[in-house]
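Q: Build me a model from this:
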Amino acid sequence: MLATVNALFSAIVDYAGLFPPAQLSLQTAMANYVQYQASPHDWMLGRFILPISRLEDFITLLPTFSLQEWPLSLLISGDAATALEQVRSLNSNHQAAVQALEFPPLTPDKIAALDLLLPIETFFEIPLDQDLTPYLAILRDQKASAKIRTGGVTAAAFPSAIQLCEFIFACAQAQVSFKATAGLHHPLPGSYPLTYEPESEVAAMPGFLNVALVSSLVYWQKITAQEALSLLRDQTANQFLLTDHAISWNQHQINLLELTTARKQMFRSFGSCSFTEPIAGLREMQLLEMGI
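A: The predicted structure follows:
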């Protein structure tokens, strides 16, 4: 496998098997995560996404699984202050480690009022129909990260390429990292089924390869907004060139060290109810054929 592929996709998929369209039971989702951790593609696997409302059920099921470490990203609901106190009081003996918190959309004032003195990553979903500037200013001051919804089970849940491009540039300008959630389980953009039903409606979806590469190029100020928009819309692999040392798209090149840094400082991960579909897509592009 190319070193650049590893850098671009390392720990990029946060597993969200509990959520639509998969909507698995907690036990099945946990069993899948154990299986994925033992697979040759475990290097792509990020955190297990768990609603805080299911935390007690999760802890009850833990002894039935052999996995020693469960990196969790908790979805916060209800009263945020109460949820934060619950996270602080978690029994440190549990083999599950809360590595991240994910908040639903809140106003900038409510974000600013939260006591976020926790040594873990914190993500706040930002509604794209609002002015991003006050949100990102608060997140920068709070040393928190943004979260963008990139899809769902309806076509209306997907942002346009223009919205996605504007969001990425805004995050880069504000020096705020971000993660994505839903609808980003295909490497390249295109029209894909919204659910796993045989007669499912199809919708235009973004590609995680494009988003990851655009984010890296934008972070290093190597691409204009118009060029980034073209890359986000590119549905073919014709203009991509990957080597061990760099990735290029249409003459825009980013090296291995720059990719590694951009993943840490810019595009953190994306939540997906499927871990196997992103892998299958990369295999189809022959990006996972070398070494694994």
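Q: all contacts plus neighbour counts: C-alpha atoms, from now on.
A: Noted.
Q: What separation do you get for Glu199 and Pro193?
A: Distance from Glu199 to Pro193, counting by C-alpha to C-alpha, to the nearest Å: 9 Å.
Q: Any stretches of the stretch 151-292 of the chain with poor pLDDT?
A: 289-292 (pLDDT under 70).
Q: more crowded one of Glu199 and Pro193?
A: Set Glu199 next to Pro193 and count neighbours by other C-alpha atoms under 10 Å: Pro193 wins out with 17 against 9.
Q: where does the stretch 1-150 of the chain have low pLDDT?
A: In the stretch 1-150 of the chain the weaker segments, taking pLDDT under 70 as the threshold, are 89-95, 116-118.
Q: Tell me which stretches of the stretch 151-292 of the chain form helices.
A: Here the stretch 151-292 of the chain has its helices, by DSSP state H, counting those that start in this stretch, at 161-174, 208-219, 225-233, 256-265, 276-284.
Q: Would you mind giving these as JSON lines with distance to Gly46 and mean neighbour count added?
A: Shown next, in JSON lines, are the helices of the stretch 151-292 of the chain (distance: least, C-alpha to C-alpha, whole Å; neighbours: other C-alpha atoms under 10 Å):
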{"stretch": "helix 161-174", "distance to Gly46": "21", "mean neighbour count": "19"}
{"stretch": "helix 208-219", "distance to Gly46": "15", "mean neighbour count": "25"}
{"stretch": "helix 225-233", "distance to Gly46": "23", "mean neighbour count": "19"}
{"stretch": "helix 256-265", "distance to Gly46": "13", "mean neighbour count": "19"}
{"stretch": "helix 276-284", "distance to Gly46": "13", "mean neighbour count": "16"}
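Q: Is it possible to get TSV of the ones you listed that adds distance to Arg54?
A: Formatted as TSV, the helices of the stretch 151-292 of the chain follow (distance: least, C-alpha to C-alpha, whole Å):
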stretch	distance to Arg54
helix 161-174	31
helix 208-219	28
helix 225-233	35
helix 256-265	29
helix 276-284	24
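Q: closest one to Leu74 among those?
A: Nearest to Leu74, of all these, is helix 256-265, at 19.8 Å by C-alpha to C-alpha.
Q: what angle do the closest one and helix 161-174 make?
A: Here helix 256-265 runs at an angle of 90 degrees relative to helix 161-174 (axes from the mean of the first three to the mean of the last three C-alpha atoms, to 10 degrees).
Q: Other residues contacting helix 256-265?
A: Outside helix 256-265, the residues that touch it by C-alpha atoms under 8 Å, 6 or more residues apart in numbering are 3-4, 7-8, 176-177, 212, 215-216, 219-220, 244-247.
Q: Thank you kindly, that will do.
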